[in-house]
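K.L.:
from the sequence below, what's the structure:
(one chain, ligands or ions: 1)
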Amino acid sequence: MNSSTTPPAGDGLLLCDAADLPERGKAHCFEVLQYGQPASAFALRYEGQAVAYLNRCAHVPTEMDWQEGEFLDGDKQYIICSIHGAVYDPLTGRCVTGMCGRIGLHKIDVQEREGKVYWYPSRDTKPAFED
Ligand code: FES
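P.N.:
Predicted coordinates:
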């Protein structure tokens, strides 16, 4: 899991405008390669922070949004998997309740600067346009 507190190195890859991530609003979805396989990821804003995760439930490796970009529960408090209801903390990706166990979501480093949001590939999570 790429969730260290060390700031990511380099400039990152442009993901979207900061304004594209409204507070507790619809997520911005993007494609990545996870361990060399195509996968989807999402970024959203919660308590002012841009956060991003692989769109993959810790319970069963399936996409979680009930409609594209809709990851939050009815109260906009938690990320919820639409399949069997696992609930995750939006800021940490940690499992709060449900069948996600202690595994949590796979976090992707993002950084916001000058009105733009950038994401940072890791050893495991790479841009979709790379082999
Ligand atoms: S697949 Fe997400 S809660 Fe089971």
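
K.L.:
check the residue nearest to residue 12 when sequence neighbours are not counted and give its pLDDT.
P.N.:
Excluding the flanking residues, the one nearest residue 12 by C-beta to C-beta, 6 or more residues apart in numbering is residue 118, at 3.1 Å. For the C-beta atoms, the positions are set from N, CA and C on the backbone; glycine is no exception. We have a pLDDT of 97 for residue 118.

K.L.:
same check on the one 3 residues further on?
P.N.:
Residue 121 is assigned a predicted lDDT (pLDDT) of 96.

K.L.:
if we can go back for a sec, so who does the residue nearest to residue 12 touch?
P.N.:
The contact partners of residue 118, by C-beta atoms under 8 Å, 6 or more residues apart in numbering, come to 11-15, 110-112.

K.L.:
which secondary structure element contains residue 39?
P.N.:
strand 37-46 (DSSP states H and E).

K.L.:
moving C-terminal from that strand, which element do we reach first?
P.N.:
Next helix or strand after strand 37-46 toward the C-terminus (DSSP H and E): strand 49-54.

K.L.:
which elements pack onto that following strand?
P.N.:
strand 37-46, strand 107-113 (3 or more C-beta pairs under 8 Å, 6 or more residues apart in numbering; DSSP states H and E).

K.L.:
next to the ligand, which bits of this protein? Give me the list.
P.N.:
Counting by C-beta under 6 Å from any ligand atom, the chain comes close to the ligand at 57, 59-60, 62, 64, 81, 83-86, 98-99.

K.L.:
of all the residues you listed, which two lie farthest apart?
P.N.:
62 and 98 (13.7 Å; C-beta to C-beta).

K.L.:
so what's residue 97 closest to, chain neighbours aside?
P.N.:
Closest residue to residue 97 apart from its sequence neighbours, by C-beta to C-beta, 6+ apart: residue 87 at 4.8 Å.

K.L.:
Throw the helices and strands packed on strand 49-54 into a markdown table and include mean pLDDT, distance to residue 71 and mean neighbour count, thanks.
P.N.:
Shown next, in a markdown table, are those (pLDDT from 0 to 100; distance: least, C-beta to C-beta, whole Å; neighbours: other C-beta atoms under 10 Å):
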| stretch | mean pLDDT | distance to residue 71 | mean neighbour count |
| --- | --- | --- | --- |
| strand 37-46 | 97 | 6 | 18 |
| strand 107-113 | 96 | 14 | 19 |
